[in-house]
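Asks: Structure for this input, please:
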Amino acid sequence: MTDKTVEAESGPSLRTVVIASAAGTAFEWYDFFIFGSLAAVIARHFYAEVNETTGYILALLTFGVGFVVRPLGALVFGWFGDRTGRKTTFLVTITIMGLATVAIGLLPDYEAIGVAAPILLILMRVLQGFALGGEYGGAAIYVAEHAPAKTRGFLTGWIQTTAALGLIGALSVILITRQIVGAEAFDEWGWRIPFLLSAFLLGISLWIRLRLDESPAYRRMEEEGGERRAPYREAFLSWSNGRFVLLALFGIMIAQGAVWYCGYFYTRFFMERILRVEVATVDMIMLWLTVASAGLYVFFGWLSDKVGRKPVMLFGMILALVAFFPGFHALTKAANPALAEAQASAPVTVVADPASCALQFDPVGKAAFASSRDLAKSVLSNAGVSYINAAALPGSLATVRVGGVDVASVEGGGLSPAALKVARADVETRVQAALTAAGYPDRADPARMNLPLMFAILMIFIVAATALYGPQAAALVELFPTRVRYTAMSLPYNIGTGWVGGLLPAASFALVAASGNIYFGLWYSVAFTLVAVIVSLLWLPETRGRDLHTIGT
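Replies: As a prediction, this is how the structure comes out:
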């Protein structure tokens with residue numbers, strides 16, 4: 001039997017299928033991206049008991065929690081999608097997602113209810129991630145199972161572009177709300193408005209999706225009957241399908257998590273926290289960048305219909321590998337040239353006994369960082385200043401060398417918490433004075449910022465991300481038979497984006513804090529992408545044009 005299209009079936013038109021699926025998925029991405037875009041504000045409200053750097057890491061980890069549970073959502077909703085149908089499943093996922101997002105907008109903060117506030121916030125993030133784990137697979141499969149084989153990449157590309165549309169919506173609402181209520185009011189209470197708007201968007205999305213019917217491929221499978229389906233056993237315990245689950249994960253999805261989330265989220269963190277670019281400027285750049293990239297998902301999906309899925313995705317991975325390190329160095333010079341100049345003319349070195357150093361990462365906010373070396377490194381990490389380490393004599397007091405100026409640290413071991421706080425403030429004041437004298441800026445100077453160059457550099461990262469992501473839905477759908485397609489493709493997708501991508505901002509920031517090198521966090525993305533390039537080149541099959549009904553038969 002050949003691969004039929006929706007035009008030969010009764011029910012909604014192909015255009016309706018694509019619009020309805022894309023609109024609902026865009027709404028769910030909107031919900032998810034609001035949190036990521038407001039991480040700094042959320043940190044101040046829900047993690048007020050820890051220092052600024054630790055609070056930001058905790059907010060990023062809370063953002064990552066929503067991704068960590070996505071594979072569980074993929075397993076649960078994938079099973080239901082393969083057993084009961086595509087339509088019902090993604091109606092449930094969108095409802096859970098929308099209600100959890102609205103609830104975040106209503107949560108009392110730490111000042112009101114103490115530790116219960118971050119606990120409730122994490123719970124809502126778990127529900128969001130659980131729902132999103134089942135959403136993407138359902139929408140991508142639903143469109144692919146309607147689409148003609150020759151245009152499957154192009155049509156599923158519209159599902160891929162929903163990530164950009166969701167981010168555009170989230171950034172637009174944040175910028176408009178901040179403009180209307182003012183920056184101070186937005187930080188105080190206005191940040192809740194984008195979350196509460198999800199109630200309205202949820203109603204529209206449900207109304208659109210209720211107009212859909214079940215997919216033709218699923219209906220045909222139901223009509224033909226056969227043995228009872230066991231999605232978990234068939235997808236993961238059968239080598240005929242299980243090997244493609246592994247190839248999808250290690251040949252596509254770990255790169256997707258590394259490249260896409262580096263391009264859209266780590267660049268944001270890097271500009272805001274390291275390069276000290278104003279938040280409003282970062283928001284505007286990311287908004288225009290996302291608008292410019294929205295059509296690229298569809299373009300690369302269309303291109304994969306012509307030349308194949310694998311070549312287009314490999315192009316995206318290799319471009320990212322080539323561009324990341326030189327691109328981020330160039331971004332520093334374009335966004336904060338004074339910082340780049342200061343790093344070149346007055347490099348910072350921490351000279352200390354290596355035995356006195358602790359890892360500069362405190363996910364629970366309880367580490368004291370009391371040694372003279374730890375005090376020096378924590379001050380530099382909080383300032384976003386890159387430094388190198390040099391060994392000193394055992395037991396000697398750590399020194400921060402800014403160019404040719406040495407600033408002695410203070411040994412905080414054995415001091416009371418109050419005395420340690422005073423000592424840290426003293427070190428911070430003297431180090432900051434030395435940095436200022438050497439030309440290190442407190443903030444990026446808008447007058448010296450090269451916005452067109454920043455946009456061009458970031459666009460290279462986004463081209464890599466969209467080239468990988470655009471053909472991805474079609475490639476994943478074409479790897480698996482209809483019987484287990486929802487389960488089999490959803491799990492590797494959500495491990496790659498959920499675990500590799502979702503944890504990327506926090507993990508990369510931790511690598512920067514631990515090493516002292518502001519570019520060291522890029523190794524997280526490079527390592528995962530390099531593995532995917534090797535696996536894809538050696539073992540991933542080309543799937544363009546496959547008949548979805550005959551796969552696995």
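Asks: Give me the below-cutoff pLDDT ranges for the stretch 251-400 of the chain.
Replies: For the stretch 251-400 of the chain, the stretches with pLDDT under 70 are 355-370.
Asks: Kindly report the same for the stretch 401-550 of the chain.
Replies: For the stretch 401-550 of the chain (pLDDT under 70), the answer is 549-550.
Asks: Secondary structure element holding Leu132?
Replies: Leu132 belongs to helix 116-144 when assigned by DSSP states H and E.
Asks: isn't Leu522 right next to His329, touching?
Replies: No. Using CB atoms under 8 Å, Leu522 is not in contact with His329, being 10.0 Å away. Yep, even glycine has a C-beta here, placed from its N, CA and C like the rest.
Asks: more neighbours, these two?
Replies: Using other CB atoms under 10 Å as the criterion, Leu522 and His329 rank with Leu522 on top: 21 against 14.
Asks: how close does that one get to Leu415?
Replies: With distances taken as CB to CB, to the nearest Å, Leu522 is found 36 Å from Leu415.
Asks: Report the mean confidence score over the helix holding Leu132.
Replies: Helix 116-144 shows a mean pLDDT of 83.
Asks: any idea which helix or strand comes after that helix?
Replies: Downstream of helix 116-144, the next assigned helix or strand under DSSP H and E is helix 152-160.
Asks: Name the residues that touch that next one?
Replies: Helix 152-160 has contacts (CB atoms under 8 Å, 6 or more residues apart in numbering) with 14, 18, 21-22, 25, 136, 139-140, 143-144, 146-147, 297-305, 309, 466, 469-474, 477-478, 544-545.
Asks: Dihedrals phi and psi, Leu72?
Replies: phi -60, psi -40 (degrees, to the nearest 10).
Asks: from memory it sits against Leu132, does it?
Replies: No. Here Leu72 does not reach Leu132: they are 11.2 Å apart, not a contact under CB under 8 Å.
Asks: so how far is Ser238 from the nearest residue to Gly263 once chain neighbours are set aside?
Replies: Leaving aside its chain neighbours, Gly263 sits nearest to Phe461 (3.8 Å; criterion: CB to CB, 6 or more residues apart in numbering). According to CB to CB, Phe461 stands 38 Å off from Ser238.
Asks: again, but for Leu201
Replies: From Leu201 to Ser238 the distance is 40 Å (CB to CB).
Asks: With neighbour numbers in mind, choose between these two.
Replies: Leu201 (22 against 15).
Asks: from the chain's centre, how far out does the strand or helix carrying the more buried one sit?
Replies: If you go by DSSP H and E, Leu201 is part of helix 198-209. Centroid displacement of helix 198-209 relative to its chain, using CA atoms, centre = their mean, to the nearest Å, is 24 Å.
Asks: for that helix, which positions count as buried?
Replies: Ser198, Leu201, Leu202, Ser205, Ile208, Arg209 (16 or more other CB atoms under 10 Å).
Asks: ok, Gly251 - how many residues close by?
Replies: For Gly251, using other CB under 10 Å, the count is 28.
Asks: Contacts only, for it.
Replies: Taking CB under 8 Å, 6+ apart, one finds Ala532, Val535, Ser536, Trp539, Leu540 in contact with Gly251.
Asks: of all the residues you listed, which two lie farthest apart?
Replies: Spatial extent of these (CB to CB) is set by the pair Ala532 and Trp539 at 11.1 Å.
Asks: Look at these two and report which has more neighbours.
Replies: Applying other CB under 10 Å to Ala532 and Trp539 shows that Ala532 carries more neighbours, namely 30 against 12.
Asks: Mind jotting down where the strands sit in the stretch 251-400 of the chain?
Replies: Here the stretch 251-400 of the chain has its strands, by DSSP state E, counting those that start in this stretch, at 348-352, 387-391, 399-402.
Asks: Adding distance to Ser371, write those out as CSV.
Replies: Formatted as CSV, those follow (distance: least, CB to CB, whole Å):
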stretch, distance to Ser371
strand 348-352, 8
strand 387-391, 14
strand 399-402, 13
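Asks: how many other residues sit next to Lys421?
Replies: By other CB under 10 Å, 12 other residues sit near Lys421.
Asks: Also Val277?
Replies: 23.
Asks: Same question for the one 5 residues further on.
Replies: One way to gauge burial is a neighbour count; for Val282, by other CB under 10 Å, it gives 23.
Asks: still on that earlier bit, of all the strands of the stretch 251-400 of the chain, which one is nearest Thr162?
Replies: strand 387-391 (41.1 Å).
Asks: What strands line up against that closest one, and which way round?
Replies: Using DSSP bridges, strand 387-391 pairs in its sheet with strand 348-352 (parallel).
Asks: now what about the strand it pairs with, what contacts it?
Replies: By CB under 8 Å, 6+ apart, the list of residues contacting strand 348-352 from outside reads 372-373, 376-377, 380, 385-392, 396-402, 406, 409, 435, 516.
Asks: mind redoing it with 7 Å?
Replies: 372-373, 376-377, 380, 385-390, 392, 398-402, 516 (CB atoms under 7 Å, 6 or more residues apart in numbering).
Asks: Work out for me the element the closest residue to Arg125 other than its chain neighbours sits within.
Replies: The shortest distance from Arg125 to any non-neighbouring residue, by CB to CB, 6+ apart, is to Gly66 (4.1 Å). For Gly66, the element it lies in under DSSP H and E is helix 52-68.
Asks: Could you list every helix and strand in contact with the helix holding Leu201?
Replies: helix 14-37, helix 86-106 (3 or more CB pairs under 7 Å, 6 or more residues apart in numbering; DSSP states H and E).
Asks: hang on, the earlier thing: write the ChimeraX selection for whichever of the contacts of strand 348-352 are buried.
Replies: Filtering the contacts of strand 348-352 down to the buried ones (16+ other CB under 10 Å) takes a single ChimeraX command:
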select :372,373,376,377,380,385,386,387,389,392,398,399,400,401,402,516
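Asks: What's the local residue count around the closest residue in space to Ile388 that isn't next to it in sequence?
Replies: The spatially closest residue to Ile388, leaving aside those adjacent along the chain, is Thr349, at 5.3 Å (CB to CB, 6+ apart). Using other CB under 10 Å, Thr349 is surrounded by 16 other residues.
Asks: is Thr349 in a bridge, and if so with what?
Replies: Bridge pairing for Thr349 - DSSP bridges - gives Ile388, Arg401.
Asks: Could you report the separation of it from Leu331?
Replies: For Thr349, the distance to Leu331 - CB to CB - is 24 Å.
Asks: next one: Ile193
Replies: 31 Å.
Asks: Mind checking which of those two has more residues around it?
Replies: Leu331 (23 against 17).
Asks: list the contacts for the residue lying closest to that one once chain neighbours are set aside?
Replies: Distance criterion CB to CB, 6+ apart; nearest residue to Leu331, sequence neighbours excluded, is Ile457 at 5.0 Å. By CB under 7 Å, 6+ apart, the contact set of Ile457 is Gly327, Ala330, Leu331, Ala334.
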